[in-house]
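Novice: Mind looking at a prediction? Sequence and model below.
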Amino acid sequence: MESVVIETLEAHTPVAMVPNGPEDAAQHLMFRSSLVLQQPVLDPCMAVGFLPLPSSGLRVGQLVTMKWRVERLKDFKANMLSDKSDEVLYEVNASWENWMVAGRKRGHVPLSTNQGSRIVISILCVPLVAGYVRPPQLCLPSVDEANISSNPPGPHLVCVLPPALSSSYCVSA
């Protein structure tokens, strides 16, 4: 968010108001103050999209690959990212009660500074519970949240089916 300062933050002498009539005969004082406003960023520099899950559905105990596409919407500007301009820091946040994440949950990925550059970030997960659960979320800590477009946003809940039924039997040798 960008900050806009209106006027100054110092006080000034009050301004006397002109009375409007006999009932307003007493002199009133008007004080003016300044406000610090934050303007929303209406022109994001990055877009993050959650890619579709397998059509076969998710099952408890089965590996699934979660994928997000990250795209640079405009050329790099020095004030939008910290440290390295050609790398993006990512972090995957998942509820440990619902998901087991295999592999790196945090790291740097190369992303060109040119507009239209794209990468796909993938992680392997194992759903631990059946039902409607919130999927893991991808965060870009090195990019201000106001500079990220998530349109359409990732799914709020995904359906995880119970484990497939299995049976076993013994065969005498």
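Specialist: Yep, it's here.
Novice: Quick check: closest non-adjacent residue to residue 147.
Specialist: residue 45 (4.7 Å; CB to CB, 6 or more residues apart in numbering). Using the backbone N, CA and C atoms, a C-beta is placed for each residue, glycine as well.
Novice: my read: the one you found touches residue 145, true?
Specialist: No: taking contacts as CB atoms under 8 Å, residue 45 lies outside contact range of residue 145: 11.7 Å.
Novice: of these two, who's got more company?
Specialist: residue 45 (20 against 12; other CB atoms under 10 Å).
Novice: what does the domain assignment say about the chain?
Specialist: With domains defined by automatic domain parsing, the chain comprises 2-39, 46-161.
Novice: Just the buried positions in stretch 99-116, please.
Specialist: Of all the residues in stretch 99-116, those buried under the rule 16 or more other CB atoms under 10 Å are 99, 101, 111.
Novice: wait, stretch 60-70
Specialist: Residues of stretch 60-70 classed as buried: 62, 64, 66, 68, 70 (neighbour count, 16+ other CB under 10 Å).
Novice: so what's residue 130 scoring on pLDDT?
Specialist: On the pLDDT scale, residue 130 is placed at 93.
Novice: Verify the stated contact: it with residue 98.
Specialist: No: look at residue 130 against residue 98 with CB under 8 Å: they stay out of range, at 10.1 Å.
Novice: mind listing what residue 115 touches?
Specialist: Going by CB atoms under 8 Å, 6 or more residues apart in numbering, residue 115 touches 72-75.
Novice: where's it relative to residue 126, distance?
Specialist: Applying CB to CB, to the nearest Å, the value for residue 115 to residue 126 is 37 Å.
Novice: The buried residues of stretch 60-70 in strands, which ones?
Specialist: Judged by DSSP state E, strands contain the following of these: 64, 66, 68, 70.
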